[in-house]
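# here's a sequence, model it:
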Amino acid sequence: MAATVVSIAYQNKTSSVPDWLNKGDNAWQMISETLVGMQSVLCLVILYGSIVKKKWAVNSAFMALYAFAAMSFGDRLLPFWGKVGPALGQKFLIRQARLPETTQLYHNGTEETAMIAPFYPMAMNIKAWMLFVPLWLTFSYTVGAFSVWGGGFLFHWGVMDYSGGYVIHLSSGIAGFTVAYWVGPRSTKDRERFPLNNVLLMLAGAGLLWMGWVGFNGGDPYTENIDSSMAVLDTNICAATSLLVWICLDVIFFNKPSVIGAVRGMIAGLV
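Reported below is the predicted structural model:
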């Protein structure tokens with residue numbers, strides 16, 4: 001008897017699955033957001049923990065992990081946190097392939113906050129970071145996301161942000177420069193000698209960042225179409241070209257290739 005009973009969750013037609021749901025689009029969204037989640041919680045932990053001095057490794061890595069957890073928790077705790085668009089007013093809460101959209105939104109917020117983490121391990125302890133993250137997500141990421149995405153006032157002024165160039169990268173870069181200005185330079189001892197903690201882990205983290213970026217850009221159209229295909233292709237071409245050009249410049253100017261230069265070039269090419 002038990003063998004003949006199939007759970008309703010595994011049946012093709014159920015009342016809980018609306019007819020308009022495109023399973024292919026939804027599956028691609030779930031895959032791309034898994035890549036973005038890996039990018040935020042795995043590769044940045046590895047990359048940030050390996051690219052700084054040993055004494056800051058654990059603090060820097062934990063900053064990225066905490067940012068991921070704080071954004072995921074805040075997305076459920078506060079109704080406005082990370083939300084853009086009138087999702088609650090639509091049938092089945094959200095439409096078409098946007099069932100995992102909430103995941104993408106808090107992954108984007110996590111990415112923004114985690115990108116700031118390299119600016120802070122030398123200037124901020126973890127207790128201050130635990131307070132900074134929810135404040136930053138509330139007053140920076142949420143404001144930027146509402147302004148551009150979901151029909152905000154910047155959107156009505158003609159501002160377009162395909163994959164977070166304004167909402168994520170510009171705002172996190174400004175935050176990093178602001179901290180650098182107010183905190184000031186590192187001590188002379190740290191500036192004179194700044195050895196990497198682990199070169200192999202840095203390469204692993206950089207590679208995972210590259211693959212995560214494919215999901216980051218490829219999942220932004222919310223569907224599997226020509227835009228997502230071109231985004232995946234362009235992401236790989238830009239990152240590869242930038243890495244190779246940087247290596248060539250290292251050879252031209254310094255007579256040898258550099259591992260850290262290759263990673264810097266790759267990150268610069270992640271558009």
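# list the buried residues for stretch 238-246?
238-239, 242-243, 246 (16 or more other CB atoms under 10 Å). Glycine gets a C-beta too; all of them are placed from N, C-alpha and C.
# kindly apply the preceding question to stretch 256-265 instead.
Residues of stretch 256-265 classed as buried by neighbour count (16+ other CB under 10 Å): 261-265.
# can you list contacts of it?
The contact list for stretch 256-265 (CB atoms under 8 Å, 6 or more residues apart in numbering) reads 51, 196, 199, 202-203, 206, 242-247, 249-251.
# for His169, see how far away Tyr141 is.
Separation of Tyr141 from His169 (CB to CB, to the nearest Å): 12 Å.
# Met63: how many residues sit nearby?
27 (other CB atoms under 10 Å).
# again with Gly176
Gly176 has 16 nearby residues by other CB under 10 Å.
# distance-wise, check it relative to Arg193.
Counting by CB to CB, the separation of Gly176 from Arg193 is 22 Å.
# same question for Met71.
For Met71, the distance to Arg193 (CB to CB) stands at 35 Å.
# the more surrounded of these two?
Legend: neighbour count by other CB under 10 Å for Met71 and Arg193, higher for Met71 (26 against 7).
# and that one, what pLDDT?
As predicted, Met71 sits at a pLDDT of 74.
# so which helix or strand takes in it?
helix 57-77 (DSSP states H and E).
# likewise Trp213?
Per DSSP H and E, Trp213 falls inside helix 199-218.
# got it, and Trp129?
helix 126-136.
# packing partners of that helix?
Here helix 126-136 touches helix 57-77, helix 101-116, going by 3 or more CB pairs under 8 Å, 6 or more residues apart in numbering; DSSP states H and E.
# got the CA positions of that helix in CSV?
Provided in CSV are the C-alpha atoms of helix 126-136 (Å, rounded to 0.1, in the frame of the first residue of the first chain):
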residue,chain,number,x,y,z
ILE,A,126,33.7,41.8,15.1
LYS,A,127,31.4,43.3,17.7
ALA,A,128,31.3,46.6,15.8
TRP,A,129,30.8,44.8,12.6
MET,A,130,27.8,42.9,14.1
LEU,A,131,26.2,46.3,14.7
PHE,A,132,27.3,47.9,11.4
VAL,A,133,25.8,45.2,9.2
PRO,A,134,22.1,45.6,10.0
LEU,A,135,22.5,49.4,10.0
TRP,A,136,24.2,49.4,6.6
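# with just CA atoms, put stretch 139-153 into CSV.
Listed next in CSV are the C-alpha coordinates belonging to stretch 139-153 (Å, rounded to 0.1, in the frame of the first residue of the first chain):
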residue,chain,number,x,y,z
PHE,A,139,20.0,52.6,5.5
SER,A,140,22.2,51.9,2.4
TYR,A,141,21.2,48.7,0.5
THR,A,142,17.5,49.0,1.1
VAL,A,143,17.4,52.7,0.2
GLY,A,144,19.4,52.1,-3.0
ALA,A,145,17.3,49.0,-3.9
PHE,A,146,14.0,50.8,-3.4
SER,A,147,15.3,53.8,-5.4
VAL,A,148,16.3,51.9,-8.6
TRP,A,149,14.5,48.5,-8.5
GLY,A,150,10.8,47.9,-8.3
GLY,A,151,9.8,51.3,-9.7
GLY,A,152,11.6,53.7,-7.4
PHE,A,153,12.1,57.4,-8.0
